[in-house]
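A.B. asks: here is my input; please provide its structure:
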Amino acid sequence: MVAVIEAAARNPLLPSADIDVHLDLVATIENGVLNLEGHLTGDGFPNVELFIVDGAGASVMLGVCETSGGRQTGPYFWLPGDSNNRMGTFSTGIQLTPGGTFK
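C.D. replies: Purely as a prediction, here's the structure:
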């Protein structure tokens with residue numbers, strides 16, 4: 001399965017730029033292992049932690065992106081527009097139970 005996921009959000013209480021994130025994901029299941037490969041692009045601000053969660057609520061962290069933008073200036077320099085800054089890549093295998101949840 002190949003998926004392209006795009007998300008954008010902003011603070012609804014203040015005038016603000018939105019935060020854009022794009023995830024390209026390839027997922028396969030082979031011999032009871034869920035193989036995930038992908039890369040994350042976007043504005044590059046704020047920090048990002050990427051998880052996958054199974055139907056039972058178990059989660060696995062796929063990656064982390066630490067921004068170089070500061071707390072005070074980052075929103076002004078990094079958020080305007082819909083950027084495609086490289087934010088990280090991941091490749092992992094997750095062992096599955098016969099029911100399809102994470103072991």
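
A.B. asks: the bottom helix or strand of the chain by mean pLDDT?
C.D. replies: Scoring the helices and strands of the chain by mean pLDDT, DSSP states H and E places helix 74-78 at the bottom, with a mean of 82.

A.B. asks: the strands in this protein, which residues?
C.D. replies: 2-9, 19-30, 33-42, 48-53, 59-65, 85-95 (DSSP state E).

A.B. asks: need the winner for burial among these.
C.D. replies: The highest mean neighbour count among the strands of the chain, using mean count of other CB atoms under 10 Å, belongs to strand 33-42: a mean of 18. C-betas here are computed from N, CA, C, even on glycine.

A.B. asks: got the angle between it and strand 59-65?
C.D. replies: If you take axes from the mean of the first three to the mean of the last three CA atoms, to 10 degrees, strand 33-42 sits at 30 degrees to strand 59-65.

A.B. asks: much appreciated, bye for now.
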